[in-house]
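> here is a sequence together with a model predicted from it:
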Amino acid sequence: MEHHHTPAFFVRGPSHFARLVFFAALSLTLMATDARLHYLTEVRQGFIALLHPLEVLADMPSNLYLGARDYLVSHDTLLKDNRQLTQQSLQQNVQLQRFQSLEAENENLRNLLKAKQSLTQPAQLAEIVHMGRDPFTHKVTVNLGSRENIVAGQAVVDAAGVIGQVTRVYPFSSEVTLITDKDLAIPIQVERNGLRAIAFGHGRDNTIDLPYLPANVDIRKGDKLVTSGIDGVYPLGLAVAYVTQIEHTQDSPFAHIVCAPVAGIESHRQILLLGMPKPDASIEEARANSAKTAADKHPTPVPHHASH
């Protein structure tokens, strides 16, 4: 009877120590060979290339998390920055608009100062606080009144020319009727030839009319109209308007002359209120002398009382 041995479940190979020695020697050999001859560089690069997809897959969850976090943080930061920059831009635009308005206002004040220095009559700087909404009434309200010794009849000008005249005075404000109002008339003369006339506001638009002038009147388009000074309110030579249109019709003996004002209140709020002109001393002296001479020639008779 033949004896049979049960086969081992695990086939035993070399011992663990032998394996350790073998792989250690192989590693040292490969390291020495690679260090001196660089034979394994290409092999190592090949292994790295093969393992790169695995590295990408292994890092993908972490990269996705970091990318999402950076996106959310960047998105929130960009939104905040965008809101802040938008607010700053709006504030700067408002400040720029105010700066431009202040610059224009300063330029107007400088021009008014120059105009005030060139005037012989005293002038007060006023500011427009209200403009009428009636399209057929051209009036404004200024911030000077009777407390500042403003009286009705004072001429109102800006750096360019005549604006109008004070028509009503209140304690803290005054009403100014513009030269384009249909109820205001101003004596003018043509600067080119000295022709005198009376200018009236059109009332329906910002124009001035020269009515009741004959058709053959010596007025040309582009002529400059200035104050004649004969009314004792407006100083002589202030700019009023330019002639823009001249029409002649066969059924009317008068010319239809339309003028555009030189000054205006659309661009600036500061204006000058001219004081009432003082009577000339020589004129007053002449009047006094004339009255004295008349009194000398015609003495007042002394009444005689009857005695009882």
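Perfect, I can see it now. Bear in mind the structure is a predicted one, so any value in this text is a computation, not a measurement.
> switch to C-alpha atoms for all contacts and neighbour counts from now on
OK.
> using the three-state scheme, assign Leu72.
helix (DSSP: H, G, I helix; E, B strand; the rest coil).
> same check, this time on Ile163
Under the three-state scheme (three-state DSSP), Ile163 adopts strand.
> residues contacting the spatially closest residue to it that is not a sequence neighbour?
Spatially, and ignoring its direct neighbours in sequence, Ile163 is nearest to Val157 (4.9 Å; C-alpha to C-alpha, 6 or more residues apart in numbering). By C-alpha atoms under 8 Å, 6 or more residues apart in numbering, the residues touching Val157 are Ile163, Gly164, Ala263, Ile271, Leu272, Leu273, Leu274.
> swap in Lys221?
Shown in contact with Lys221 (C-alpha under 8 Å, 6+ apart): Tyr242, Val243, Thr244, Gln245, Ile246.
> give me the PyMOL select line for these, limited to the buried ones.
Typed into PyMOL, the line below selects the buried ones among the contacts of Lys221, using 16 or more other C-alpha atoms under 10 Å:
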select buried, resi 242+243+244
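> just put the contacts of Lys221 in JSON lines and tack on pLDDT, secondary structure and distance to Tyr71.
Output for the contacts of Lys221, formatted as JSON lines (pLDDT from 0 to 100; DSSP: H, G, I helix; E, B strand; the rest coil; distance: C-alpha to C-alpha, whole Å):
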{"residue": "Tyr242", "pLDDT": "95", "secondary structure": "strand", "distance to Tyr71": "67"}
{"residue": "Val243", "pLDDT": "95", "secondary structure": "strand", "distance to Tyr71": "69"}
{"residue": "Thr244", "pLDDT": "95", "secondary structure": "strand", "distance to Tyr71": "67"}
{"residue": "Gln245", "pLDDT": "93", "secondary structure": "strand", "distance to Tyr71": "69"}
{"residue": "Ile246", "pLDDT": "93", "secondary structure": "strand", "distance to Tyr71": "73"}
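> of the contacts of Lys221, closest to Leu213?
Nearest to Leu213 among these, counting by C-alpha to C-alpha, is Ile246 at 11.1 Å.
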